[in-house]
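Asks: No letters, just coordinates:
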């Protein structure tokens, strides 16, 4: 019944807007929840050890009696913040390198393209581990490692987009109609580059979050007392054989859901920003 | 007078020359036709005349002075109007790019008010071509280079566009170069025909 109403009353644009808002609400809920729980996730209660999921503890408790729901929320908040800052830094690197390659001449272009090839050819996880290790681990190490290894794809997209724009007829025509280079950059190039940049940034979040979790899981990231998702998953490994399945399943599922939400958010935004689909 | 003197052009140094030593004069109010088969450089010559490409040898002069770098009194209308408009802009913004739109002019070209809020991909080729023409005509131009501007349109739309365009050319005494492989169209429109691209052979 609800699904039917939804189909009838909303066109594609409104449905996409609803999707975008739900994704944003999910992230807001994670931050709000983590804030409301405060120190709760850190409190050990040895009377409530190893409890399976129930109404009081939706994600169960661990071997020290800590509420896993609170820990997962805090872990997600940490993962989201690390993902956000790493992906933003990466996207800014991509924007600068992409623009430089497309506008500053052949030598710069060759250098940037070479850098992209090198970065893509290096095995991803090894590069991440090396950088994180060299930066001394911790949240700072993870952010630097993820930021320094995720720019190549978006750089390529931005470079290609600018090169294509610079050779397109409507840009040359604009100059012949008396428009200056700055006007053209602002009115013609920006509306093409902005969606690419924003969507590239959004679709980089899931990668950044997963790689941050992976680094932490492998022990090159956050220290064990921060409840990052990677730390939670690494700890749960030791208790899986004892039958404490919820320690791995609950944080793992929430990680997958939030990563998927970013993916949906990025794709929905693409639909809204493209003039070919924004009115459907 | 739009004048080109001894222009020679090739896309790169080792490549064969597309055309050599071309002289052409177009007077205000005159419609000159340039027929010829595809792939011989008609469109390239159009781009040289309107300043999109620089010739290796020779000069293009408008009323005695070289083509300016910015706002150009010689406007080129492309064969594919969908490449000549920004797909992210609505029609209102596209029309106003060259200057303030004259409402009477856009009415003569059959531009409907409800098009103004649409995006280019929501209009047909003929509608877009009219928008490109009105945009060019509102930019203080004195010469118009029409590069196969109605080749992809049906006969009725073609006739409609040329009818409105001829009135405007007559009224403002514009100099026009009509490039087309359609000899009947050129015979109908032009007072003079130049043959640069017919018997060059391959």
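Replies: Looks like it arrived, so ask away. The structure presented is a predicted model; accordingly, all values stated were derived computationally and were not measured.
Asks: Tell me which other helices or strands the longest helix seen in chain B touches.
Replies: For chain B, the helix reaching the highest residue count under DSSP state H is reported as helix B:155-172. With contacts taken as 3 or more C-beta pairs under 8 Å, 6 or more residues apart in numbering or on different chains; DSSP states H and E, helix B:155-172 sits against helix B:103-108, helix B:125-137, helix B:183-189. For every residue, glycine as well, the C-beta is placed using N, CA and C.
Asks: Now tabulate these in CSV and tack on distance to residue B:41, mean pLDDT and mean neighbour count.
Replies: Listed next are these as CSV, based on distance: least, C-beta to C-beta, whole Å; pLDDT from 0 to 100; neighbours: other C-beta atoms under 10 Å in any protein chain shown:
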stretch, distance to residue B:41, mean pLDDT, mean neighbour count
helix B:103-108, 32, 89, 14
helix B:125-137, 23, 92, 23
helix B:183-189, 17, 90, 14
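Asks: give me the element the residue in chain B positioned nearest to chain A is part of.
Replies: Using C-beta to the nearest C-beta, residue B:71 is the residue of chain B that sits closest to chain A, at 2.9 Å. Here residue B:71 sits in a region with no helix or strand, counting by DSSP states H and E.
Asks: Quick one: mean pLDDT over the strand or helix carrying residue A:99.
Replies: For residue A:99, the host element (DSSP H and E) is helix A:68-103. The average pLDDT for helix A:68-103 rounds to 89.
Asks: angle of the helix or strand following that helix against helix A:68-103?
Replies: With elements assigned by DSSP H and E, the helix or strand that comes after helix A:68-103 is helix A:106-121. Here helix A:106-121 runs at an angle of 150 degrees relative to helix A:68-103 (axes from the mean of the first three to the mean of the last three C-alpha atoms, to 10 degrees).
Asks: how about helix A:106-121: buried residues?
Replies: Neighbour-count burial for helix A:106-121, counted by 16 or more other C-beta atoms under 10 Å in any protein chain shown, picks out A:109, A:112, A:116, A:119.
Asks: What residues does the stretch 101-250 of chain A have near chain B?
Replies: A:168-170, A:172-180, A:188, A:191-192 (C-beta under 8 Å from any C-beta of the partner chain).
Asks: Show me which of the residues you listed is closest to residue A:162.
Replies: Nearest to residue A:162, judged by C-beta to C-beta, of these is residue A:192 at 8.7 Å.
Asks: can you pull the contacts of that closest one?
Replies: By C-beta atoms under 8 Å, 6 or more residues apart in numbering or on different chains, the contact set of residue A:192 is A:161, A:165, B:88.
Asks: Weed out the non-buried ones from the residues of the stretch 101-250 of chain A next to chain B.
Replies: A:168-170, A:172-179, A:188, A:192.
Asks: can you list those in a markdown table and add pLDDT?
Replies: Putting these into a markdown table (pLDDT from 0 to 100) gives the following:
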| residue | pLDDT |
| --- | --- |
| A:168 | 92 |
| A:169 | 92 |
| A:170 | 94 |
| A:172 | 92 |
| A:173 | 93 |
| A:174 | 93 |
| A:175 | 92 |
| A:176 | 91 |
| A:177 | 92 |
| A:178 | 89 |
| A:179 | 90 |
| A:188 | 92 |
| A:192 | 89 |
